[in-house]
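*Asks:* okay, predicted coordinates and the sequence, questions at the end:
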Amino acid sequence: MVKQNVMVTEEMAITAAAAAAGKVANSSPTHFSFPPPRGTVNFANFKKILTQLELNGSSGRINAWVDSMKASSPTQTRSSSLLVSPVGASHDDEEYDNWMKQHPSALEMFDEITAASNGKQIVMFLDYDGTLSPIVDDPDRAFMSENMRSAVREVARRFPTAIVSGRCRDKVSSFVQLAELYYAGSHGMDIEGPAKQPKHIKAKAKAVLFQPASEFLPMIDAVYKALVTKTESTPGARVENNKFCASVHYRCVDEKKWGALAEQVRSVLEDYPKLRLTQGRKVLEIRPTIKWDKGKALEFLLESLGFADCNDVLPIYIGDDRTDEDAFKVLRDRGQGIGILVSKFPKETSASYSLREPAEVMDFLHRLVDWKCRPSLKERARSV
Ligand SMILES: O=P(O)(O)OC[C@H]1O[C@H](O[C@H]2O[C@H](CO)[C@@H](O)[C@H](O)[C@H]2O)[C@H](O)[C@@H](O)[C@@H]1O
């Protein structure tokens, strides 16, 4: 486990905001765990602490939101403090080294990972933004490179492969453009099997189209419209309709305006008690309160592929943000599979390994393909 004291936790952020607002520290505390259960910031709890903070004026409420938004954008909050000191190793280098010991590079540990797959079918799960495509300001221009596409195509030729994304399924599949993949859009709430079934998919795999939140469609549409109208006055704010969920982006919003934006989102969500809020990379995600997330999608897909309660499968999940933690946690709880977090910065995570950026994800995919194509020792002995 990563030492709690080296992380900016949401609880610390909110406590700090409460302190900043003059809230008495030893009044009965509202407990926020981090990461929040299932990668979620419980909106009801949030509202509770915000109401407490409101007693001390709006600055406390604004600080709480803004600190939470910063805490969920660690690249933004930590990048400057992680700059290498010109006079030698800094405290942050040490922190990073410690974190890397606990979450070693999946490239360096490649042999260990492939050894774990001995006799097992690897199933690949890939997040999209920040994993297959680099993070950019404009969500509509988060294209993956042709080289990355070809790496994913080669992987999918050899292993069942799914893309699991917060984006709506149509959008992410139009970015990836590979018909042989499973796609789980809207954080797993919209799952469809491959249009073109690859040969290696087990005969007992089921045809898939699964949408557990379909009754929420009109509500998401309504909240999306309300959010667009409400946030119009915040320069740089952008609302994305992801079909079964909505995203409010603040990457291009001046940090001084984050509080105002948070207040706008909060006021809209007050009318939607059946929706909850989670956070990603400079994005507030609004989604149904149903117990469904990327972890459940992973389990569902394994079952659809005919691997329910099987020991002969090794799921590998690669992802970069908080919503991917639900999937890492499922793998950890099953004691089966490999979670790989894409991050250049120490983050609290249930993943076992790390990769620094999409370029390293591509290297990892290439190595997996090379390893799979390499003749086994037995085959080599036979050919001599
Ligand atoms: O689950 P993912 O595939 O990682 O999707 C999560 C969100 O990704 C997108 O937003 C993120 O990437 C954008 C483009 O690089 C960036 O501008 C934004 O700041 C990031 O949060 C996507 O636009 C969202 O809808 C997804 O929910």
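*Replies:* Ah, there it is.
*Asks:* every contact and neighbour count from this point should use C-alpha atoms.
*Replies:* Will do.
*Asks:* interface residues of the stretch 1-150 of the chain facing the ligand?
*Replies:* Asp127, Tyr128, Asp129, Gly130, Pro134, Ile135, Val136, Asp137, Asp138, Pro139, Ala142 (C-alpha under 6 Å from any ligand atom).
*Asks:* ok, the fifth one - contacts?
*Replies:* Going by C-alpha atoms under 8 Å, 6 or more residues apart in numbering, Pro134 touches Ala142, Met144, Glu357, Pro358.
*Asks:* from Phe216, how far off is the residue in the stretch 201-350 of the chain that the ligand sits nearest to?
*Replies:* Using C-alpha to the nearest ligand atom, Arg281 is the residue of the stretch 201-350 of the chain that sits closest to the ligand, at 4.1 Å. From Arg281 over to Phe216 the distance is 24 Å, taken as C-alpha to C-alpha, to the nearest Å.
*Asks:* what's the answer for Ser267, then?
*Replies:* Going from Ser267 to Phe216 by C-alpha to C-alpha gives 20 Å.
*Asks:* the more surrounded of those two?
*Replies:* Phe216 (19 against 13; other C-alpha atoms under 10 Å).
*Asks:* pretty sure that one sits against Ile290.
*Replies:* No. With contacts counted by C-alpha atoms under 8 Å, Phe216 stays clear of Ile290, the gap being 9.8 Å.
*Asks:* please enumerate the strands of the stretch 51-200 of the chain.
*Replies:* 121-126, 161-164, 182-185, 190-192 (DSSP state E, counting those that start in this stretch).
*Asks:* distance from the second one to the middle of the chain?
*Replies:* Yep, that's strand 161-164 we're talking about. Remark: strand 161-164 is offset 13 Å from the chain centroid, using C-alpha atoms, centre = their mean, to the nearest Å.
*Asks:* what do you get for stretch 338-355?
*Replies:* For stretch 338-355, the distance to the chain centre is 11 Å (C-alpha atoms, centre = their mean).
*Asks:* contacts for it, please.
*Replies:* Residues from elsewhere that reach stretch 338-355 (C-alpha under 8 Å, 6+ apart): 2, 7, 35, 74-75, 78-79, 95-96, 99-100, 102-107, 113, 130-131, 314-321, 325, 327-329, 331-332, 356-358, 361.
*Asks:* sketch out the low-pLDDT regions of the stretch 151-300 of the chain for me.
*Replies:* 201-206 (pLDDT under 70).
*Asks:* let's see which of the contacts of stretch 338-355 end up in helices.
*Replies:* 74-75, 78, 95-96, 99-100, 102, 113, 325, 327-329, 331-332, 358, 361 (DSSP state H).
*Asks:* next one: phi and psi at Asp309?
*Replies:* phi 50, psi 40 (degrees, to the nearest 10).
*Asks:* what residues sit buried inside stretch 91-101?
*Replies:* Of the residues in stretch 91-101, those with enough neighbours to count as buried (16 or more other C-alpha atoms under 10 Å) are Asp92, Asp93, Glu95, Tyr96, Trp99, Met100.
*Asks:* in TSV, list the residues you listed along with pLDDT and distance to Phe210.
*Replies:* Shown next, in TSV, are the buried residues of stretch 91-101 (pLDDT from 0 to 100; distance: C-alpha to C-alpha, whole Å):
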residue	pLDDT	distance to Phe210
Asp92	78	44
Asp93	85	45
Glu95	90	42
Tyr96	91	40
Trp99	96	37
Met100	96	37
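*Asks:* helices along the stretch 151-300 of the chain, start to end?
*Replies:* Taking DSSP state H, counting those that start in this stretch as the criterion, the stretch 151-300 of the chain carries its helices at 169-176, 217-231, 258-269, 294-304.
*Asks:* would you turn the ones you listed into TSV with distance to Val155?
*Replies:* As requested, those are exported to TSV (distance: least, C-alpha to C-alpha, whole Å):
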stretch	distance to Val155
helix 169-176	13
helix 217-231	33
helix 258-269	40
helix 294-304	17
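*Asks:* grab the nearest non-local neighbour of Ser105.
*Replies:* Leaving aside its sequence neighbours, Ser105 sits nearest to Ser354 (C-alpha to C-alpha, 6 or more residues apart in numbering; 4.9 Å).
*Asks:* okay, now that neighbour: neighbour count?
*Replies:* Neighbour tally, Ser354, other C-alpha under 10 Å: 30.
*Asks:* for it, list each beta-bridge partner.
*Replies:* Ser105, Leu341 (DSSP bridges).
*Asks:* which ones are touching Gly130?
*Replies:* Counted by C-alpha under 8 Å, 6+ apart, Gly130 has contacts Gly319, Asp320, Val342, Glu357, Pro358.
*Asks:* how close does it sit to Asp221?
*Replies:* 26 Å.
*Asks:* Glu215 too?
*Replies:* Glu215 sits 11 Å away from Asp221, going by C-alpha to C-alpha.
*Asks:* more neighbours, those two?
*Replies:* Asp221 (17 against 11).
*Asks:* what sits against that one?
*Replies:* Asn241, Lys243 are the contacts of Asp221 under C-alpha under 8 Å, 6+ apart.
*Asks:* tell me the residues of the stretch 251-384 of the chain that contact the ligand?
*Replies:* Arg251, Gly280, Arg281, Lys282, Val283.
*Asks:* recalculate using a threshold of 5 Å.
*Replies:* By the rule C-alpha under 5 Å from any ligand atom, the part of the stretch 251-384 of the chain lying against the ligand is Arg281, Lys282, Val283.
*Asks:* top of those by number of neighbours, please.
*Replies:* Counting neighbours by other C-alpha under 10 Å, Arg281 leads those with 24 neighbours.
*Asks:* ok, that one touching Thr323?
*Replies:* No. Here Arg281 does not reach Thr323: they are 9.7 Å apart, not a contact under C-alpha under 8 Å.
*Asks:* what's the neighbour count on the closest residue to Asp129 other than its chain neighbours?
*Replies:* Distance criterion C-alpha to C-alpha, 6+ apart; nearest residue to Asp129, sequence neighbours excluded, is Ile135 at 6.4 Å. Other residues near Ile135 number 17, with proximity taken as other C-alpha under 10 Å.
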